[in-house]
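> Okay, structure incoming, though there's no sequence with it:
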């Protein structure tokens, strides 16, 4: 709005959430600027890019395209693509193993049931995420704007998380991460619970599992070693299929709700110490082109 104009009234939770999200993005940009300032001050005889990289305090090790790690991640990226996400495909262009300073030491290794799960975010957020880790939305953000309360959201389908990169045909680059997430015993839901964090704590549960109608075929799961301890980590590499077993089990539990509101699975944890970033992917979005002159 103009300098002398009356600011628009924030008169709904939806408008409030939009403004909070804008402030969060500005804070992430300010983190990036602080890192650049710190790099300039400490550069001395270093190359500027090396100085900026050091400010992240996050070790990123390039992964060779011929390696088993690359093949596994690329398989997950290609195959865990939901059928309704049919206007784009994802191409892996760069892959890095990730070890953020102090993250593995802070990880709550006492919580089991580990999965390798996807998380996506805007490009403007990544300097903050890599240097400070994933963060739960601030207390002032309205919890009703989040289907399962304020937490860290993950998916077992790459295409679901890729939506949060907000890539476009003009800016088709995005960043995704694969995280080792300690889910423990989950609070299972078929529909929204805007106070899920409180309900998890009351029930003594460590995460939320929103059961979707479809999921990666569990018959194609791969078991990986943890980067923290001797626990096993499940990685889903299968194509999307009906989530019959999980839905049937959830419907037996009255506390889960009655209506299957989700197309695809969602996993939410409410403590960042249940997350370790393992891989950082740079991806290219290849959007479908439509010829409007084609005959119907």
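Received the coordinates, thanks. Note that the coordinates shown come from a computational prediction; the quantities given were computed from them, not determined experimentally.

> State the distance from residue 245 to residue 186.
Residue 245 sits 15 Å away from residue 186 when distances are taken as C-beta to C-beta, to the nearest Å. From N, CA and C alone the C-beta is placed, and that goes for glycine too.

> same deal with residue 233?
Residue 233 sits 16 Å away from residue 186 when distances are taken as C-beta to C-beta.

> mean confidence for the helix or strand encompassing residue 54?
Secondary structure assigned from DSSP states H and E places residue 54 in helix 48-56. What helix 48-56 shows for mean pLDDT is 82.

> quick check: angle from the next helix or strand after it to helix 48-56?
Where DSSP H and E defines the elements, the next helix or strand beyond helix 48-56 is strand 58-62. Calculated by axes from the mean of the first three to the mean of the last three C-alpha atoms, to 10 degrees, strand 58-62 forms an angle of 130 degrees with helix 48-56.

> secondary structure class for residue 139?
Reducing the assignment to helix, strand or coil with DSSP: H, G, I helix; E, B strand; the rest coil, the entry for residue 139 is coil.

> In this structure, mark out all the strands, start to finish.
Counting by DSSP state E, the chain forms strands over residues 58-62, 88-100, 114-121, 152-154, 173-182, 186-189, 207-210, 212-216, 221-225, 232-236, 240-242, 262-264, 266-269, 275-287, given from the N-terminal end onward.

> Indicate which one of those strands is closest to residue 161.
Taking C-beta to C-beta as the criterion, residue 161 comes closest to strand 114-121 out of those, the separation being 3.7 Å.

> elements contacting the closest one?
Contact partners of strand 114-121 among helices and strands, from 3 or more C-beta pairs under 8 Å, 6 or more residues apart in numbering; DSSP states H and E: strand 152-154, helix 158-162, strand 173-182, strand 232-236.

> Quick one, which of these gets closest to residue 270.
Minimum separation from residue 270 across the helices and strands packed on strand 114-121 (C-beta to C-beta) falls at strand 152-154, 7.5 Å.

> partners of that closest one, with directions?
strand 266-269 (antiparallel) (DSSP bridges).

> average model confidence for the partner strand?
Per-residue scores along strand 266-269 average to 99.

> tell me, how many neighbours does residue 223 end up with?
Counted by other C-beta atoms under 10 Å, the residues lying close to residue 223 total 8.

> And for it, nearest residue in space, chain neighbours not counted?
With C-beta to C-beta, 6 or more residues apart in numbering as the measure, residue 232 is the residue that lies nearest to residue 223, at 5.0 Å, once sequence neighbours are left out.

> residues touching the residue nearest to the spatial centre of the chain, list them.
In the chain, the residue lying closest to the centroid (C-alpha atoms, centre = their mean) is residue 119, at 1.6 Å. For residue 119, the contacting residues are 134, 152-155, 161, 164, 176-177, 179, by C-beta atoms under 8 Å, 6 or more residues apart in numbering.

> out of those residues, which one sits closest to residue 70?
Nearest to residue 70, judged by C-beta to C-beta, of the contacts of residue 119 is residue 176 at 14.2 Å.

> ok, residue 245 and residue 186, which is more surrounded?
Taking other C-beta under 10 Å, residue 245 and residue 186 do not tie; residue 186 has more neighbours (18 against 10).

> Identify the residues contacting the more buried one.
The neighbourhood of residue 186, defined by C-beta under 8 Å, 6+ apart, consists of 113, 205-209, 267.

> Can I get those residues in a markdown table including neighbour count?
Shown next, in a markdown table, are those (neighbours: other C-beta atoms under 10 Å):
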| residue | neighbour count |
| --- | --- |
| 113 | 17 |
| 205 | 18 |
| 206 | 22 |
| 207 | 27 |
| 208 | 25 |
| 209 | 21 |
| 267 | 23 |
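
> Among those, which one sits closest to residue 71?
Proximity to residue 71 was ranked across these by C-beta to C-beta; first place goes to residue 267, at 24.3 Å.

> so which of the helices and strands packed on strand 114-121 gets nearest residue 105?
Residue 105 lies closest to strand 173-182 among the helices and strands packed on strand 114-121, at 14.1 Å (C-beta to C-beta).

> who does that closest one touch, helix- and strand-wise?
Under the contact rule (3+ C-beta pairs under 8 Å, 6+ apart), strand 173-182 is packed against helix 68-79, strand 114-121, helix 158-162, strand 266-269, strand 275-287.
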